[in-house]
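1. my questions concern the predicted model and sequence given below.
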Amino acid sequence: MVKKRNILVVYLLTIVTFGLYGIYWTISTKTEMNELGAEIPTAWLMIIPIVNLYWLYKYCEGFATKVKKDNNTVLWFVVYLFIGIVMPFIIQSELNKLA
């Protein structure tokens, strides 16, 4: 089940917890996207260098195909890599539409 979240609270909690809430949020949204049919692997892969890029690609693939439904995986992956600070806003906004 997709949970509606206030995006400002997501950013605020991420700052206050020195990034820990951001990790929790990422794992939570991964789970929600998997419930929608995405095939994002375990979040443990996020902590392994180089493999974390594969995990991020799969996360963006799940977002592009199951949430945004635009199939622009490479675009979302590049946006996440270079201006990742905007991605929680984009992802949570789209998930809120589905909630």
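-> Here it is on my side, so go on.

2. hey, which helix is longest across the chain?
-> Taking residue count as the measure and DSSP state H as the definition, the longest helix of the chain comes out as helix 20-35.

3. counting contacts, what elements does the very next helix or strand once past that one pack onto?
-> Under the assignment DSSP states H and E, the closest C-terminal helix or strand after helix 20-35 is helix 51-62. If contacts are counted by 3 or more C-beta pairs under 8 Å, 6 or more residues apart in numbering; DSSP states H and E, helix 51-62 sits against helix 20-35, helix 73-82. Placement of C-beta: from N, CA and C, glycine included.

4. show me what contacts the residue nearest in space to the middle of the chain?
-> By C-alpha atoms, centre = their mean, the mean C-alpha position of the chain lies nearest to Thr26, the distance being 5.0 Å. Contacts for Thr26 (C-beta atoms under 8 Å, 6 or more residues apart in numbering) come out as 43, 46, 59.

5. equivalent analysis for Lys58, please.
-> Neighbouring residues of Lys58 by C-beta under 8 Å, 6+ apart: 39-41.

6. rerun at 6 Å
-> For Lys58, the contacting residues are 40-41, taking C-beta atoms under 6 Å, 6 or more residues apart in numbering as the criterion.

7. ok, it to Asp70 distance?
-> Separation of Lys58 from Asp70 (C-beta to C-beta, to the nearest Å) stands at 17 Å.

8. what about Tyr11, helix or strand, and which?
-> Using DSSP H and E, Tyr11 maps to helix 7-16.

9. between that helix and helix 20-35, how many degrees?
-> Orientation note: helix 7-16 sits at an angle of 130 degrees relative to helix 20-35 (axes from the mean of the first three to the mean of the last three C-alpha atoms, to 10 degrees).

10. averaged pLDDT, helix 7-16. What do you get?
-> Confidence over helix 7-16 (mean pLDDT, whole number) is 97.

11. ok, now stretch 49-59?
-> With pLDDT averaged residue by residue, stretch 49-59 scores 97.

12. quick one: distance of that stretch to the chain centre.
-> In this view, stretch 49-59 has its centroid 12 Å away from the chain centroid, taken as C-alpha atoms, centre = their mean, to the nearest Å.

13. same question, stretch 26-41
-> Using C-alpha atoms, centre = their mean, we find the averaged C-alpha position of stretch 26-41 to lie 8 Å away from the chain's own average C-alpha position.
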